[in-house]
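Asks: Got a sequence here, can you build the structure:
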Amino acid sequence: MERFAAIDFETANGKRSSICSIGIAILEDDWVVDSIYTLVRPTPNFYTRWTTAIHGLSAEDTKDALCFEEAWESIAPKLKDLPLVAHNSPFDEGCLKAAHEVYDLAYPKYPFYCTCRLSRKMYPFLVNHQLQTVAAHCGYDLTQHHNAMADAYACAHIALTMMREKEVDTLEALMASCYSR
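Replies: This is a model prediction of the structure:
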């Protein structure tokens, strides 16, 4: 199977650029070969009660963390030339693009795939297509939902399960198999 990265972001407030934690699982041949979890100090370091209630992080947790630009500097080389997969990729890709824009960084146009969209095609019978529901259907016990690392691992498991079920080796082939007639 191809090498790819499952990625998840948590945000501090309603702005997509307010990334406060990053979770990444890099997979190769069905195995996690690298994982990255880091807290990020959003600019400004402002959290809404609503977001803190979801993921449990606050300004106190990230006051000494690296800003996105500093954190991404060490992460980006590990993702070079890798396709990315996220559950609800429009959110995660939007966060990544917004943070790149805020810090005036060139965006490398990562190829993004979405396990949420794919799950709607593959598992239309599920009561919903939220991460924890799809993960459970795929045999993954997501016990720390909204922890970026836990969510990235769940997404990785979902992607691998779908690829095995469709008997494909790439995320692109998975997408094609789900959307072909």
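Asks: Give me the distance from the longest helix anywhere in the chain to the chain's centre.
Replies: Taking DSSP state H as the criterion, the chain has its longest helix at helix 148-166. Offset of helix 148-166 from its chain centre (Cα atoms, centre = their mean, to the nearest Å): 10 Å.
Asks: helices or strands up against it?
Replies: Helix 148-166 sits against strand 4-11, strand 19-28, strand 31-39, strand 84-86, helix 115-122, helix 131-137, helix 171-179, with contacts defined as 3 or more Cβ pairs under 8 Å, 6 or more residues apart in numbering; DSSP states H and E. No exception for glycine: its C-beta is placed from N, CA and C like everyone else's.
Asks: Which of these sits closest to residue 106?
Replies: strand 84-86 (16.5 Å; Cβ to Cβ).
Asks: contacts for the next helix or strand after the closest one?
Replies: Downstream of strand 84-86, the first helix or strand assigned by DSSP states H and E is helix 89-102. Helix 89-102 is contacted by residues 7-9, 11, 15-17, 19, 43, 68, 72, 84, 86, 105-107, 110, 112-117 when judged by Cβ atoms under 8 Å, 6 or more residues apart in numbering.
Asks: For helix 89-102, what is the distance to the chain centroid?
Replies: Distance, stretch centre to chain centre, for helix 89-102: 11 Å (Cα atoms, centre = their mean).
Asks: before we move on, back to that, could you export the helices and strands packed on helix 148-166 as JSON lines, including distance to residue 47, mean neighbour count and mean pLDDT?
Replies: Shown next, in JSON lines, are the helices and strands packed on helix 148-166 (distance: least, Cβ to Cβ, whole Å; neighbours: other Cβ atoms under 10 Å; pLDDT from 0 to 100):
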{"stretch": "strand 4-11", "distance to residue 47": "9", "mean neighbour count": "26", "mean pLDDT": "98"}
{"stretch": "strand 19-28", "distance to residue 47": "7", "mean neighbour count": "24", "mean pLDDT": "98"}
{"stretch": "strand 31-39", "distance to residue 47": "12", "mean neighbour count": "15", "mean pLDDT": "97"}
{"stretch": "strand 84-86", "distance to residue 47": "22", "mean neighbour count": "25", "mean pLDDT": "98"}
{"stretch": "helix 115-122", "distance to residue 47": "25", "mean neighbour count": "21", "mean pLDDT": "98"}
{"stretch": "helix 131-137", "distance to residue 47": "21", "mean neighbour count": "20", "mean pLDDT": "98"}
{"stretch": "helix 171-179", "distance to residue 47": "33", "mean neighbour count": "17", "mean pLDDT": "95"}
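Asks: Compile those into TSV and extend it with columns for distance to residue 155.
Replies: As requested, these are exported to TSV (distance: least, Cβ to Cβ, whole Å):
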stretch	distance to residue 155
strand 4-11	4
strand 19-28	8
strand 31-39	12
strand 84-86	6
helix 115-122	5
helix 131-137	7
helix 171-179	11
